[in-house]
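Chemist: could you look at this predicted model? Sequence included:
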2 protein chains.
Amino acid sequence: MEKLRALGLKLTPQRLAILQYLDGNTEHPSADAIYKSLTRKYPTMSRATVYNTLETLTNRGHVRELAIEARKKRYDPNTKHHHHLICTACKKVVDVRSAVNVCLSPEEQRDFEIIGHRIEFYGLCQACKKKRINKTM
Amino acid sequence: MEKLRALGLKLTPQRLAILQYLDGNTEHPSADAIYKSLTRKYPTMSRATVYNTLETLTNRGHVRELAIEARKKRYDPNTKHHHHLICTACKKVVDVRSAVNVCLSPEEQRDFEIIGHRIEFYGLCQACKKKRINKTM
DNA sequence: CTGGCTGCAAATCTTTTGCATCCTG
DNA sequence: CAGGATGCAAAAGATTTGCAGCCAG
């Protein structure tokens, strides 16, 4: 509610619905999942609005885009630094709650059969730093 | 060359071209980049063949699909466990050569302005383990 | 000769874009 | 009332699918 206001964004029912849907959501939904879920309650809402809003929220740092599935972005309202467990079969994504020592807590190891993990560093390469490009992931 | 034979795959000029293109390639190309690069030398090659071949190679574990850009898959012929540096602006992906202590070598820190890193664990969730689904990433 | 592979085209899926209309501030 | 936001539809980009014909084993 005040989140939008604090960001200098107009407060529309659609945006409230999207924010409300994302708030506390740990499912890491895709844009389409959000749209499908909201379109029941708000039949008037369009995909473009969902995409626009998600882009805005991403740019303002209020959600994070996840590149987990090849074809679709998924969104994480938790922008605090944290890690994920990803099921390679169904693409379920769950948050890692413990601090990462590159080995997980017993509970998480019980719930997921870990095949491996990856560490991705991100940042700016020399060329882009010179060009002052500064796009977010 | 013998790689294909070893995998029980038919040895076609197209596949040889793709394998040859990928061999030692550290650019983490997309399917389309591979297609565009090969279509000059092999004007007859179709996208479907590139996609088919990449899928086959992925399933047999000879390349790895990378979910780095939301819209396209990228492919890594290096299937050994390793990490990546990803430029958030231009999406350049370079291999991390040093063992990861969750801090990088001085050279890599010089070449990339590190903004952050992420660690992704992957594996099978309870539900998928029961169903014996076993799709690769 | 046969099944796997290729190439074309059409279909699909996700996301983006253009644009007229609407409505918040 | 103005400019940002919405909704529709069409476009774009990457990938998948269907299918007829081809060719490696």
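Modeler: Nice, thanks for sending it over.
Chemist: alpha carbons only for contacts and neighbour counts from here, please
Modeler: OK.
Chemist: which parts of chain A are strands?
Modeler: For chain A, the strands defined by DSSP state E occupy A:64-66, A:74-76, A:83-87, A:93-96, A:112-125.
Chemist: check whether the longest helix seen in chain A comes near DNA strand C.
Modeler: When chain A is scanned for its longest helix (criterion: DSSP state H), the result is helix A:47-59. Yes. Counting by C-alpha under 7 Å from any atom of the strand, DNA strand C is contacted by helix A:47-59 at A:47-48, A:51-52, A:55.
Chemist: A:Gly61 reaches A:Thr79, doesn't it?
Modeler: Yes. The criterion here is C-alpha atoms under 8 Å, and A:Gly61 meets it with A:Thr79 at 7.4 Å.
Chemist: common neighbours of these two, please.
Modeler: Between them, A:Gly61 and A:Thr79 share no contacting residue under C-alpha atoms under 8 Å, 6 or more residues apart in numbering or on different chains.
Chemist: thinking again about what came up before, make JSON lines from the strands of chain A and add mean neighbour count and distance to chain B to it.
Modeler: Formatted as JSON lines, the strands of chain A follow (neighbours: other C-alpha atoms under 10 Å in any protein chain shown; distance: least, C-alpha to the nearest C-alpha, whole Å):
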{"stretch": "strand A:64-66", "mean neighbour count": "22", "distance to chain B": "8"}
{"stretch": "strand A:74-76", "mean neighbour count": "23", "distance to chain B": "9"}
{"stretch": "strand A:83-87", "mean neighbour count": "23", "distance to chain B": "5"}
{"stretch": "strand A:93-96", "mean neighbour count": "19", "distance to chain B": "9"}
{"stretch": "strand A:112-125", "mean neighbour count": "20", "distance to chain B": "4"}
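Chemist: poorly predicted segments of chain A, please.
Modeler: Flagging of chain A using pLDDT under 70 yields the residue ranges A:1-2, A:4, A:132-137.
Chemist: what does it have sitting close to DNA strand C?
Modeler: Looking at DNA strand C, the residues of chain A close enough under C-alpha under 7 Å from any atom of the strand are A:5, A:9-13, A:30-32, A:47-48, A:51-52, A:55, A:71-74.
Chemist: show me which of those neighbour DNA strand D.
Modeler: Answer for the residues of chain A next to DNA strand C near DNA strand D (C-alpha under 7 Å from any atom of the strand): A:9-10, A:12-13, A:47-48, A:52, A:71.
Chemist: pull the residues that contact stretch A:106-120.
Modeler: If you take C-alpha under 8 Å, 6+ apart as the criterion, stretch A:106-120 is touched by A:85, A:87, A:96, B:82-86, B:117-126, B:129.
Chemist: please repeat the previous calculation with a cut-off of 6 Å.
Modeler: Here stretch A:106-120 makes contact (C-alpha atoms under 6 Å, 6 or more residues apart in numbering or on different chains) with B:83-84, B:117-126.
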